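# Predicted model follows, preceded by the sequence.
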8 protein chains.
Amino acid sequence: MQLTVYLAGQIHDDWRKEVEAKSEEKGLSLTFVGPQTNHDRSDNIGEDILGKQPGNFYKDDAASAINNLRTQVLMKKSDIVIALFGDKYKQWNTAMDASTAITLNIPTIIVRPESHIHPLKELSNKANVTVETIDQAIDVIGYIFE
Amino acid sequence: MQLTVYLAGQIHDDWRKEVEAKSEEKGLSLTFVGPQTNHDRSDNIGEDILGKQPGNFYKDDAASAINNLRTQVLMKKSDIVIALFGDKYKQWNTAMDASTAITLNIPTIIVRPESHIHPLKELSNKANVTVETIDQAIDVIGYIFE
Amino acid sequence: MQLTVYLAGQIHDDWRKEVEAKSEEKGLSLTFVGPQTNHDRSDNIGEDILGKQPGNFYKDDAASAINNLRTQVLMKKSDIVIALFGDKYKQWNTAMDASTAITLNIPTIIVRPESHIHPLKELSNKANVTVETIDQAIDVIGYIFE
Amino acid sequence: MQLTVYLAGQIHDDWRKEVEAKSEEKGLSLTFVGPQTNHDRSDNIGEDILGKQPGNFYKDDAASAINNLRTQVLMKKSDIVIALFGDKYKQWNTAMDASTAITLNIPTIIVRPESHIHPLKELSNKANVTVETIDQAIDVIGYIFE
Amino acid sequence: MQLTVYLAGQIHDDWRKEVEAKSEEKGLSLTFVGPQTNHDRSDNIGEDILGKQPGNFYKDDAASAINNLRTQVLMKKSDIVIALFGDKYKQWNTAMDASTAITLNIPTIIVRPESHIHPLKELSNKANVTVETIDQAIDVIGYIFE
Amino acid sequence: MQLTVYLAGQIHDDWRKEVEAKSEEKGLSLTFVGPQTNHDRSDNIGEDILGKQPGNFYKDDAASAINNLRTQVLMKKSDIVIALFGDKYKQWNTAMDASTAITLNIPTIIVRPESHIHPLKELSNKANVTVETIDQAIDVIGYIFE
Amino acid sequence: MQLTVYLAGQIHDDWRKEVEAKSEEKGLSLTFVGPQTNHDRSDNIGEDILGKQPGNFYKDDAASAINNLRTQVLMKKSDIVIALFGDKYKQWNTAMDASTAITLNIPTIIVRPESHIHPLKELSNKANVTVETIDQAIDVIGYIFE
Amino acid sequence: MQLTVYLAGQIHDDWRKEVEAKSEEKGLSLTFVGPQTNHDRSDNIGEDILGKQPGNFYKDDAASAINNLRTQVLMKKSDIVIALFGDKYKQWNTAMDASTAITLNIPTIIVRPESHIHPLKELSNKANVTVETIDQAIDVIGYIFE
């Protein structure tokens, strides 16, 4: 059995590589998909494709449409979503992706530091499982294969 | 025609009363529902009903289950969701509620200050309409009745 | 039994008033809803609410978001859609609304002149009933009450 | 990852071949499906299979049923829809296919010339992304594979 | 509590009046809807509204579109479907309506004579309840109100 | 706002009357529905309507079809489900009803004694809220009206 | 592209073999599934597995449950349904299967003799395409591959 | 054709191995999935991954979240569910899983001893097929391949 996992969350550090490395170590048959992790490319994709926009609002609007199409295509192909909330950043996209996945009945694991327990309590309650580390998230998925 | 509007967003100031007052001024036939706006009651509802929990994590978990049940009952009765993001707070619940509403095909209006254009760009793109003030949100709903 | 009918189609003449008058004549218990029929208001609603936009593309984009929200709210409350294609105009909105209604399993009646038989053949085939005059559309709805 | 793309739109020129050539150039793993592009075959398919019909209306009705079955089978197998509106023709089928795809939650890219911005504004607003050239549409899909 | 019941089945005798009379006798709060029971009107409705068609096939096709629209509108408003199979006639419409209702998750009661046990066994197995008389069907609905 | 509550669970004591009395005391606008609480009537309803069956298996099968139709009609009209597990009886029906409600996205409250924590842990985890007493369940619903 | 086709309809002659032979001749990539075509096996499958039942009604009920499970598993794996109505037999199962497929949005082709035009008119109108011969049904599917 | 079967039910004996052995004997192309059958691992999985919890209630809550995620991932990949109720244990999980599968339109076979006919009658009535032995369940699945 091969499972596809969408990795929602911040694109500011290498956590996706860590997930992939640890899952490979454990020999799990997983395919990983996720958002564009090159931050500049993600912010500029609207202008990269559609050309110069008349201001930041319009540049953002153009980029977000294309990022959303990407996410929609990939999430529909996923069996599980891992949504990681880091210590920094607003990360509303992560909350949005997790909530979409849960509403679409895609099993969802939230990873968040202890400091975020309170502000994320309602989302955690709706998710299937909430953990604090990437290792724990991999353990949850590994358990499916036992 | 009577429409029901769920008011998602922060519970730290009186914005819901402002929405209600302005909509009444305009003579719109609207019923408003929303989360528990007494902050302490919202945070303590788990222990208020289920009794003392063994620590903050468990207190939060108990409260969030009851808050989520409330939101689910009320959102299913709503024709429109207004989701307001203020200048402060993480407001992951607002992102979660807006995303749930959009995925459930409930028309959704986002209200956010100019400073949030960038971090909210993907969510704005998925919402029906994004505006900057409560007056504008009321105008959008008023337009349905024209 | 009271039925709600969404009247999709051009906003350039008085056909909606004709529908309402004829249905009243026949004593049918119908409530009619539909798009904004003041053409200027419909085109300008984005700038009316959100303020001046940087060019026509952006003006149109702002208006369409609000028009789409209006349509979504009203179509979800409708039991039947009548979609009228006149002799003039591209009327892609009419095709879009009819197709949305059919996909959402809302019974749909298309009214179109004989000259449009060929270009509308696939849409007609997906709709429940296709007729050539408003009188015929009213007759179809009247038949439900017999 | 292999994605299937339905190419909705006019069948009067070679734009589908252009899409396929450019996507192959970029090395994207895409399978393309779409309507019957032999115009005569598409118009006559009803009589080709069911025999002579009593007039043009009935000939069109027979053809459209079979064309719609084809589209329904192929669209259900697609991950993305590209809907191209050219300068000419009414293209109500394109509007119908785009609207069906959007309602069914299939990510949709609209390609349309600048001259169509205004009449297509509501449909563009509902689609995921709107661009002006085939190259841009391919770029959007290419971005998913980055 | 008021329930709406769609009465699917043959239109050749007065069984619907019997259902209504018996339910009134028992004081059940039921609203009944169903197909056009004037057989000629049902067969001719296509030509009555659309005018003369070029042959029986086309006359039937026109009538059936309008009859199906009627059924779709009314069945969507129903809480329960009673589908009666009499001794005579093919009654494929009854099988079609019962199967549609079951697939749409509308609780369905089949009434059929003992002689039809064998040919209707798969449909009976999918329906909620199968009985032999109208009195029994009314008893089943009466039980909901106890 | 008026809410309808389905009371799933054992039919061996008066707990439903307790729920109704307590909710009335609190002035909550609730309508209660639920299964047939006359145990003999519930077990015999198949034979009461369809006549003598050839053994207990067939008697049970006939009764259950009618009980399931009743539950399906009433649950579709409910905004909330309360599922009570008592100390005695297997109560597979209660587990079935709760699981159906949760899968259909109807907000669900489980009431169960402390002794059932372990065997009900997976169902509790899927429900919105789990409490130990009827008073607590009423408090949860009362909170929606605050 | 490989398509799976469910062949609904009578099990009294060899029409399924004819479909398979003709589709192979044309080189179409089709997998065929369908009901148990050994009539005795189909009628007896309940008693074959569950043992002797107390009369014909119960024998039929046991068989139909297993036949329905088979159909449900196979139809969920199908891209297209062909439903053939022959000259003889009541064939309510064929009407039931076609109606289920249409309601589940599976493209459906009806094959029926000219003599059945009138009694099947409503079902034909809901199906995608209606033809009179097996050759025509194969032609319709062949057209998808052109 | 390869089918995937989820084996819901008690994890206290070797019945799953019996199912697999018998299905292999018959040469059926089946893949089996199911819950964690190591009872201790299943009960402790919450603490194994998340660490020590403050009491049994919390230990159970943590384990059930992970067990439910596992079930949700695997059931979504299944074509058929077999739910076995043994003589002992409350087995509310089995009732929950069967009810979820039925509500999600996954064909479901219940295996239960004669002694459970009465308490399981409503669930049996909703399932596709109910049998008394594992051999019979395998026979039902084997019949799909005939």
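Received, thanks.
# From here on, just use CA atoms for contacts and neighbour counts.
Fine.
# quick one, helices of chain A?
A:15-25, A:39-50, A:56-75, A:92-103, A:121-126, A:134-145 (DSSP state H).
# next one: phi and psi at A:P113?
When read as degrees, to the nearest 10, the backbone of A:P113 gives phi -70, psi 160.
# That one touches A:P119, doesn't it?
No: checked against C-alpha atoms under 8 Å, the pair A:P113 and A:P119 is beyond contact range at 11.1 Å.
# What is the neighbour count of the residue of chain A found nearest chain C?
Residue nearest to chain C within chain A: A:P54 (6.8 Å; C-alpha to the nearest C-alpha). By the criterion of other C-alpha atoms under 10 Å in any protein chain shown, A:P54 has 12 neighbours.
# can you give me phi and psi for it?
Residue torsions, per degrees, to the nearest 10, at A:P54 are phi -80, psi 60.
# For A:M1, see how far away the nearest residue to it once chain neighbours are set aside is.
Once flanking residues are discounted, A:P54 sits nearest to C:P54: 6.8 Å by C-alpha to C-alpha, 6 or more residues apart in numbering or on different chains. To A:M1, C:P54 is 52 Å away according to C-alpha to C-alpha, to the nearest Å.
# swap in A:V33?
Taken as C-alpha to C-alpha, the span from A:V33 to A:M1 is 17 Å.
# more crowded one of these two?
A:V33 (21 against 10).
# Please tell me how far the more buried one sits from A:R112.
Distance from A:V33 to A:R112, by C-alpha to C-alpha: 20 Å.
# How about A:A62?
From A:A62 to A:R112 the distance is 30 Å (C-alpha to C-alpha).
# So for those two, which sits in the more crowded spot?
Using other C-alpha under 10 Å, the more surrounded residue of A:A62 and A:R112 is A:A62, with 27 against 20.
# what residues are up against A:D60?
A:D43, A:N44, A:G46, B:I117, B:H118, B:K121 (C-alpha atoms under 8 Å, 6 or more residues apart in numbering or on different chains).
# so where's chain A shaky on pLDDT?
Residues of chain A meeting the criterion pLDDT under 70: none.
# If you count residues, where's the longest strand of it?
Across chain A, the longest stretch assigned as strand under DSSP state E is strand A:3-9.
# Show me what the closest residue to A:E20 other than its chain neighbours is bridged to.
The shortest distance from A:E20 to any non-neighbouring residue, by C-alpha to C-alpha, 6+ apart, is to A:F32 (7.4 Å). Following DSSP bridges, A:F32 is listed with bridge partners A:V5.
# so A:F32 makes contact with A:Y6?
Yes: in this structure, A:F32 is within contact of A:Y6 by C-alpha under 8 Å, at 6.0 Å.
# And the two? Which one has more around it.
Ranked by neighbour count (other C-alpha under 10 Å), A:F32 and A:Y6 place A:Y6 first, with 24 against 17.
# Next up, the contacts around A:A95.
With C-alpha under 8 Å, 6+ apart, A:A95 has these contacts: A:A83, A:L123, B:W92, B:A95, B:M96.
# need the residues of chain A near chain B, please.
A:57, A:60-61, A:64-65, A:67-68, A:90-93, A:95-100, A:103-104, A:117-123, A:125-126 (C-alpha under 8 Å from any C-alpha of the partner chain).
# Quick check: most distant residue from the centroid of chain A.
In chain A, the residue that sits farthest from the middle, by C-alpha atoms, centre = their mean, is A:P54; the gap is 30.0 Å.
# How much space separates that residue from E:A83?
A:P54 is 62 Å from E:A83, by C-alpha to C-alpha.
# just A:S29 next, same as before
A:S29 is 50 Å from E:A83, by C-alpha to C-alpha.
# Please say which of the two ends up with more neighbours.
Higher neighbour count among A:S29 and E:A83: E:A83, with 27 against 13, using other C-alpha under 10 Å.
# which bits of chain A sit near chain H?
Residues of chain A lying near chain H (C-alpha under 8 Å from any C-alpha): A:79-80, A:106-108, A:128-129, A:131, A:136, A:139-141, A:143-144, A:146.
# could you redo the last one with a cut-off of 6 Å?
A:N128, A:V129, A:Q136, A:I144 (C-alpha under 6 Å from any C-alpha of the partner chain).
# which among those residues gets closest to E:N38?
E:N38 lies nearest to A:N128 out of the residues of chain A next to chain H, by C-alpha to C-alpha, at 55.5 Å.
# which residues sit in contact with that closest one?
A:N128 sits next to A:T108, A:I109, H:A65, H:L69 when contact means C-alpha atoms under 6 Å, 6 or more residues apart in numbering or on different chains.
# Near the nearest residue to A:L30 once chain neighbours are set aside, how many other residues are there?
The shortest distance from A:L30 to any non-neighbouring residue, by C-alpha to C-alpha, 6+ apart, is to A:L3 (5.0 Å). Neighbour count of A:L3, defined by other C-alpha under 10 Å: 16.
# Equivalent analysis for A:Y89, please.
Count around A:Y89 with other C-alpha under 10 Å applied: 11.
# what residues are up against the residue of chain A at minimum distance from chain H?
Using C-alpha to the nearest C-alpha, the single residue of chain A nearest to chain H is A:I144, 5.3 Å away. Residues counted as contacts of A:I144 (C-alpha under 6 Å, 6+ apart) are H:R70.
# again with A:I45
A:A63.
# repeat that with 8 Å
A:I45 neighbours (C-alpha under 8 Å, 6+ apart): A:A62, A:A63, A:I66.
# Nice, that's everything, thank you.
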